[in-house]
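In: Here is the input, now give the coordinates:
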Amino acid sequence: MGYKKLIVILALSFASVGSTVFLKAQTMIDKSPYYDNSKKFSVSVYGMYISSGELQNNINNPDPFLRDASIELKGGYGYGGEIIYNPNLYDLGIGFYLSSEYIKITDDELALRFIEDSASASVRFIEEIYMIPFEAGLKWSLPVGSDRFKIYIGGGAGVYFGDRKRSIGQLRTSTISKKPGFSLNVLSGIEYYFGRNLSLDFEFKFRDASFEAESMFGADYININGHDFRLENPFRSRLLINGTRLSLGLKYNF
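Out: This is a model prediction of the structure:
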């Protein structure tokens, strides 16, 4: 047998063995689960949209009607992060989560009405709300779906810190004090695994998040059309971000 024939036979043999090994490895990769339930932790980052909020501007008013009156605010956006611990309790699919977010809502279509003796006037103002929630609870993966598609529900509780700024023309408030709020929440979501232990996570969350803030302007009067109107100074309000929270994030299990 010539050297050329021997080289060709060896090359074909190596190619055959190599292709067999590659096909077996590819088969093992294809059969490997997208979701590995032996992983006990997952971490996710997400962006979110809040559908609406509320402003209760007279929470110290003795009249219960005025005290509970609220102004609807626009929605806003934010971002957050979450870590989940899955203890693999009897394969129930229950995990415990801890999350935090940053949310901002700005509404520039609000109006205040002033009345001073026989004069009255309305003026637009801008309300800026900032909130940082800290929430904890559990999530339960429902026994439906597939290796790539999961549906879950859950709920928990949170504490909500925040601040606000109000602007009327060149006047802008400063914050004297803040009081965090507490709330329960319920949630539901879906996960789609596009890679091993990597998924896209879409979630609905419903809560009554709020905080209180006492604020004051740097002046006691505002001039509108030549008339001086007294500003309520200082004033205390309750800010609620109680609209539906929609979030879309990237999750990694490890």
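In: shouldn't residue 132 be in contact with residue 161?
Out: Yes: Residue 132 is within contact range of residue 161, at 4.9 Å (criterion: C-beta atoms under 8 Å). Bear in mind the C-beta positions are built from the backbone N, C-alpha and C, glycine included.
In: Those two: which is more packed in?
Out: Neighbours were counted for residue 132 and for residue 161 using other C-beta atoms under 10 Å; residue 132 has more, 17 against 14.
In: who touches that one in this structure?
Out: By C-beta atoms under 8 Å, 6 or more residues apart in numbering, residue 132 lies in contact with 100-103, 160-162.
In: Reformat the residues you listed into TSV and put secondary structure, distance to residue 208 and pLDDT next to each item.
Out: Below are the contacts of residue 132 laid out as TSV (DSSP: H, G, I helix; E, B strand; the rest coil; distance: C-beta to C-beta, whole Å; pLDDT from 0 to 100):
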residue	secondary structure	distance to residue 208	pLDDT
100	strand	18	98
101	strand	15	98
102	strand	19	98
103	strand	14	97
160	strand	9	98
161	strand	15	98
162	strand	14	97
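In: Tell me which stretches of the stretch 101-250 of the chain form strands.
Out: Counting by DSSP state E, counting those that start in this stretch, the segments of the stretch 101-250 of the chain that form strands are 119-141, 149-168, 171-172, 174-195, 198-207, 209-216, 221-224, 227-230, 235-241, 245-253.
In: What pairs with the fourth one, parallel or antiparallel?
Out: Sheet pairing of strand 174-195 (DSSP bridges) gives strand 149-168 (antiparallel), strand 198-207 (antiparallel), strand 209-216 (antiparallel).
In: Which one of the ones you listed lies nearest to residue 87?
Out: strand 149-168 (14.8 Å; C-beta to C-beta).
In: Report the buried residues of the closest one.
Out: Going by neighbour count (16 or more other C-beta atoms under 10 Å), the buried part of strand 149-168 is 150, 152, 154-156, 158, 160, 162, 164-166, 168.
In: between those, which is nearest residue 126?
Out: Of all these, residue 166 has the smallest distance to residue 126: 7.0 Å, by C-beta to C-beta.
In: Next up, the contacts around the residue lying closest to that closest one once chain neighbours are set aside.
Out: With sequence-adjacent residues excluded and distances taken as C-beta to C-beta, 6 or more residues apart in numbering, residue 166 is closest to residue 173, at 4.6 Å. Residues counted as contacts of residue 173 (C-beta under 8 Å, 6+ apart) are 164-167, 215-217.
In: from those, which single one is nearest residue 204?
Out: Closest to residue 204, out of all of the contacts of residue 173 and judged by C-beta to C-beta, is residue 164, at 26.0 Å.
In: Please report how far that closest one lies from residue 127.
Out: From residue 164 across to residue 127, the span is 7 Å (C-beta to C-beta, to the nearest Å).
In: Distance-wise, check residue 114 relative to residue 148.
Out: 59 Å.
In: can you tell me which of the strands of the stretch 101-250 of the chain comes nearest to residue 46?
Out: The closest of the strands of the stretch 101-250 of the chain to residue 46 is strand 245-253. By C-beta to C-beta, the value is 2.6 Å.
In: Show me the contact partners of that closest one.
Out: So strand 245-253 is contacted by 35-36, 39, 41-51, 80, 82, 191, 197-207 (C-beta under 8 Å, 6+ apart).
In: What subset of those is buried?
Out: If you count burial by 16+ other C-beta under 10 Å, the buried members of these come out as 35, 42, 44, 46, 48, 50, 80, 82, 191, 199, 201, 203, 205, 207.
In: what two of those residues are the furthest from one another?
Out: So, the buried ones among the contacts of strand 245-253 by C-beta to C-beta: farthest apart are 35 and 50, at 29.5 Å.
In: pretty sure residue 205 contacts residue 184?
Out: No: the criterion here is C-beta under 8 Å, and residue 205 misses it with residue 184 at 11.1 Å.
In: how's this structure carved up into domains?
Out: Segmentation of the chain into domains, based on automatic domain parsing, reads 1-31, 35-253.
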